[in-house]
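Enquirer: Let me see the structure of the following:
(chains A and B)
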Amino acid sequence: MNIEFDHLCFSRGNRLILNNISFHVNSSENIAILGGSGEGKTTILRLLMRLLKPDCGRILIDGEDISDKTEEQLRPIRRKFTIVFQDGALFDSLTVKENVAFYMREYTRMNEDEIEINVRKLLGFVGVEQAIDLMPEELSGGMQRRVAIARALAVQKPLMFLYDEPTSDLDPLSAARIRELILNLSNAERGFIVVTHEILDALKLAHRFMFLKGGSILFDGNKEDFLRTDLKELRTFLGDWNEEIRK
Amino acid sequence: MRNYLIKALLLKKRPNGSLYNYAENYMENINRILKLTIAELQSFYLMIMQSVISIFKKPIYLKDLIEQMDYSGAQTIIIIILVALFIGMALSLQIAAEFSVLGMQMYTGRVVGISIISEIGPVAAALVFAGRAGSGMASELGTLVLRHQVDTLRVFGIDPIKKLLTPRIIGSILMLPALTIIADFVSLLGAYYIITVVNNQSSTVFWDSIRLILIPQYIISGTIKPFIFGLIISSISCFTGFTTHGGAVGLKSSTTRAFVLSTILIIVCDFVITKIILFTFGYQV
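Expert: As a prediction, this is how the structure comes out:
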């Protein structure tokens, strides 16, 4: 699957968030979008899922422009992706089991026994099977994130995963588990886009790096170029990591 | 001032002067507010139309509808009963006191009955419903929006309007009339207690006067209103909840807005409906 952002701009009120950005992504790539808070990283994910409508430019999925499609037309396109929001966005009136089973109940004809088996398998895969009957509010941040990943996995055959700040506010151990999960879920055909301001996440997960600043993509390249860049804004963003990288 | 406003509208050249700038800003603000209001009304209309049309489309979220009927109906009964009972008692107490001075005690039941069945019952039930169920809907939907749960539904390919708004609107339209009947009945019981037990009037006279007022005019007035109020409360609450933005402050503002707008519209619509019904039945008022 090919994704293309073509001269896209987006503003919120009077504030320009994305200014005429263009890039091309293949669904098999592992990409990290980096940038400070409020630079429009999450906006890119939300535009890609067409949860937001661009002010100008086009979003092309396999050559098909989705910028002007209706909600009904967007449904099959959205099912090609699966997104894990920053806070997990679990349905807080449903148990962990019901959250993970949500998609299966809506779109498959599985009976309750089959759903239970599948839910347990998915929760086992992300390592939170013991939380099956708990409510989201009873889970820690890391567990919520893992349940959200399990729920995202329930979507049948997504072609690409989208992660919005997957490890923010997590302790190092939980963050490492989430990173491991993200890597386990990707393969030669199914990649991901991870939006983060955590340099460690980006370095451990991605092969391609984009850096957003002032509504523009200032850097787009591979790991080698990312580490050797002389771009002042990116060096400033990397901060203490500059020395680590030199070592 | 008027001349400056006309200049602001007609002149292409910008004359210097603060009053002119003030007039120009004033017109710009009016223009902006008008545009925003029209845009919001349009979104409101489209959203509500979409949720009503969704009733006839598959899938049907019956479980969600029953949950909403339970929340807005069954869980609101106690508060409706309490409010209706004391409204009925207070109203009959006041009217009985005034009528006894005029020597018209035998009309107390009739006046109280008409007031309760055609006016106070539906309005009181609707106001309680707006305060309890309407605000609840707005805050629940607002939270779902702010926590990206509505986005998650959209990502899963589920129509959030059909899943979240339609059951709430249908649930309210079905439950408010039922609650109004209960409110009317409890209010009449309260009035019966005050008129017969406290004021020592005949219970036969009271129930006869209630039976006599059960004519189409009052029954229609009392039965149409709850359906319309149910639609008003649920659509406003759902719309304000669904368009929540700006975190906790935004949530507070949409909940308040839902209640305030619903209350104002209930009172205004009550007047309009009463006027139409009276006109239909040939009253010259």
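Enquirer: hey, where'd the strands end up in the stretch 101-250 of chain B?
Expert: Remark: no strands are assigned in the stretch 101-250 of chain B by DSSP state E, counting those that start in this stretch.
Enquirer: For the stretch 151-285 of chain B, which residues are neighbours of chain A?
Expert: Residues of the stretch 151-285 of chain B lying near chain A by C-beta under 8 Å from any C-beta of the partner chain: B:Asp151, B:Thr152, B:Arg154, B:Val155, B:Phe156, B:Gly157, B:Ile158, B:Asp159. To be clear about C-beta, it is placed using only N, CA and C from the backbone, and glycine gets the same treatment.
Enquirer: Closest one to chain A out of those, please.
Expert: The shortest approach to chain A among those belongs to B:Gly157, at 3.9 Å (C-beta to the nearest C-beta).
Enquirer: neighbours around the closest one, how many?
Expert: Using other C-beta atoms under 10 Å in any protein chain shown, B:Gly157 is surrounded by 18 other residues.
Enquirer: Contact partners for residue 76?
Expert: Using chain A. B:Gly157 (C-beta atoms under 8 Å, 6 or more residues apart in numbering or on different chains).
Enquirer: Chain B, not that one
Expert: Applying C-beta under 8 Å, 6+ apart to B:Thr76 gives the contacts B:Val128, B:Phe129, B:Arg132, B:Ala133, B:Met175, B:Leu179.
Enquirer: taking those residues one by one, which sit in helices?
Expert: Within the contacts of B:Thr76, residues falling in helices by DSSP state H are B:Val128, B:Phe129, B:Met175, B:Leu179.
Enquirer: Which residue is the nearest non-sequential neighbour of the second one?
Expert: This points to B:Phe129. Closest residue to B:Phe129 apart from its sequence neighbours, by C-beta to C-beta, 6 or more residues apart in numbering or on different chains: B:Leu176 at 5.5 Å.
Enquirer: Please work out how many residues are found near the closest residue to chain A within the stretch 1-150 of chain B.
Expert: Residue of the stretch 1-150 of chain B nearest chain A, by C-beta to the nearest C-beta: B:His148 (3.9 Å). For B:His148, the neighbour count with other C-beta under 10 Å is 21.
Enquirer: Mind checking the pLDDT average for stretch A:211-225?
Expert: Stretch A:211-225 carries an average pLDDT of 90.
Enquirer: What is the end-to-end distance of it?
Expert: With C-alpha to C-alpha, to the nearest Å as the measure, stretch A:211-225 spans 12 Å from end to end.
Enquirer: Now that stretch: buried residues?
Expert: Across stretch A:211-225, burial judged by 16 or more other C-beta atoms under 10 Å in any protein chain shown covers A:Phe211, A:Leu212, A:Lys213, A:Gly215, A:Ile217, A:Leu218, A:Phe219, A:Asp220.
Enquirer: now stretch A:187-200
Expert: Neighbour counts over stretch A:187-200 (16+ other C-beta under 10 Å) mark A:Arg190, A:Gly191, A:Phe192, A:Ile193, A:Val194, A:Val195, A:Thr196, A:His197, A:Glu198, A:Ile199 as buried.
Enquirer: Establish whether it and chain B are in contact.
Expert: No. Judged by C-beta under 8 Å from any C-beta, stretch A:187-200 stays clear of chain B, getting no closer than 13.6 Å.
Enquirer: Can you give the distance of that stretch from its chain's centre?
Expert: Put simply, stretch A:187-200 sits 7 Å off its chain's centre (C-alpha atoms, centre = their mean, to the nearest Å).
Enquirer: Let's see it as CSV, backbone CA atoms only.
Expert: What follows is stretch A:187-200, C-alpha atoms only, in CSV (Å, rounded to 0.1, in the frame of the first residue of the first chain):
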residue,chain,number,x,y,z
ASN,A,187,7.1,-7.7,9.3
ALA,A,188,8.4,-7.4,5.8
GLU,A,189,4.9,-6.5,4.5
ARG,A,190,3.4,-4.6,7.5
GLY,A,191,5.1,-1.6,8.8
PHE,A,192,4.2,1.2,11.1
ILE,A,193,4.3,4.9,11.7
VAL,A,194,5.2,5.9,15.2
VAL,A,195,4.7,9.5,16.3
THR,A,196,6.9,10.3,19.2
HIS,A,197,9.2,12.8,20.9
GLU,A,198,11.2,10.1,22.6
ILE,A,199,14.4,9.8,20.7
LEU,A,200,15.1,6.3,22.2
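Enquirer: Other residues contacting it?
Expert: For stretch A:187-200, contacts defined as C-beta under 8 Å, 6+ apart pick out A:25-37, A:41-42, A:44-45, A:48, A:158-168, A:175, A:182, A:185-186, A:201-202, A:205-206, A:238, A:241.
Enquirer: Narrow those residues to those in strands?
Expert: Applying DSSP state E to the contacts of stretch A:187-200, the entries found in strands are A:25-26, A:30-35, A:160-164.
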